[in-house]
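**Student:** Following is a predicted model, sequence given first.
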Amino acid sequence: MSLDLTRVTVLRPDGAALFPQIDLSIPPGTIATLTGASGVGKSTLLDAVGGHLSANFRMQGRVLLDGRDVTELPAERRCIGVMFQQAVMFPHLSLADNLAFGLHPSVRGRAARQAAVTEALDMAGLTGMGARDPATLSGGQRARAALMRTLLARPCAVLLDEPFSALDPERRHEIRAFALATIRSSGIPALLVTHDRADADAAGGPVVALS
Ligand SMILES: Nc1ncnc2c1ncn2[C@@H]1O[C@H](COP(=O)(O)OP(=O)(O)OP(=O)(O)O)[C@@H](O)[C@H]1O
């Protein structure tokens, strides 16, 4: 899968563009980075690509997945996963049930669903922790679990909005390495919003600076 943005910008309610038009091509397994000053529109651009733009904004341009134009599709039909800074988990569900919630519908049957969740927990270094209340996880554990939940939905592309910035500096490096390697090996394109130059360097893909 590849993700292409063609002449994409977002118009404010007064019709002015938030930022100049963007052209970006992200090949499979590549992590592109989106940087720029606070308030320039990075999160809004991710919302536009994922189909979550709030009603007072309007997107211009096209979003293509493997050449297929998904611009007019609602978010749930775009096959684009998202991960935010705060790894939100349902508090009334166990960690395993939180991950199962993200599972792609083609994984049918209790045994197959359990196996997929167990494999995801193992990959995230959370073996045997499926019964835990997500509130009892560390920030790093929750971030790894949230990434696996996003990927269990088998997205065709993934958008990450400052996924490491809530983590303490010691954990940050480790979680970033895990997340980038996991996304690369999944073979899907990713777009990462970050303020941190080191994140862009680690991601290694094209960098777009919004201004
Ligand atoms: N729902 C909304 N309604 C009106 N204006 C909004 C809304 N969401 C964001 N904005 C405005 O749109 C602009 C872009 O916001 P956005 O959150 O995309 O910036 P950002 O580059 O991601 O910032 P940061 O780095 O601080 O997260 C800002 O001026 C913001 O105040």
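**Tutor:** Good, I have the coordinates.

**Student:** and L151, what helix or strand is that in?
**Tutor:** helix 139-152 (DSSP states H and E).

**Student:** same for that helix, what does it pack against?
**Tutor:** strand 80-83, helix 95-101, helix 110-123, helix 169-186 (3 or more C-beta pairs under 8 Å, 6 or more residues apart in numbering; DSSP states H and E). (Each C-beta comes from the backbone N, C-alpha and C, glycine too.)

**Student:** List the contacts of it.
**Tutor:** 81-83, 87-89, 95, 98-104, 116-117, 120-121, 123-126, 129, 134, 137, 158, 163-164, 166-168, 171, 174-175, 178-179, 182-183, 186 (C-beta atoms under 8 Å, 6 or more residues apart in numbering).

**Student:** Mind giving me the ChimeraX select for these, buried ones only?
**Tutor:** Selection of buried members from those for ChimeraX, criterion 16 or more other C-beta atoms under 10 Å:
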select :81,82,83,87,89,95,98,99,100,102,103,116,117,120,121,123,124,126,129,134,137,158,163,164,167,171,175,178,179,182,183,186
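
**Student:** CA-only coordinates of the helix or strand following the helix holding L151 in PDB, if you can.
**Tutor:** Toward the C-terminus, helix 139-152 is succeeded by strand 157-161 as the next helix or strand (DSSP H and E). Written as PDB, here are the backbone C-alpha positions of strand 157-161 (Å, rounded to 0.1, in the frame of the first residue of the first chain):
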ATOM      1  CA  ALA A 157      -2.100   3.400   6.300                       C
ATOM      2  CA  VAL A 158      -1.600   4.800   9.700                       C
ATOM      3  CA  LEU A 159      -1.500   8.400  11.000                       C
ATOM      4  CA  LEU A 160       0.300   9.200  14.300                       C
ATOM      5  CA  ASP A 161      -0.300  12.500  16.100                       C
END
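
**Student:** what's the angle between strand 157-161 and helix 139-152?
**Tutor:** 150 degrees (axes from the mean of the first three to the mean of the last three C-alpha atoms, to 10 degrees).

**Student:** How about the residues of the protein by the ligand?
**Tutor:** 18, 36, 38-44, 54, 56 (C-beta under 6 Å from any ligand atom).

**Student:** roughly how far is the helix holding L151 from the heart of the chain?
**Tutor:** Centre-to-centre, helix 139-152 and its host chain are 10 Å apart (C-alpha atoms, centre = their mean, to the nearest Å).
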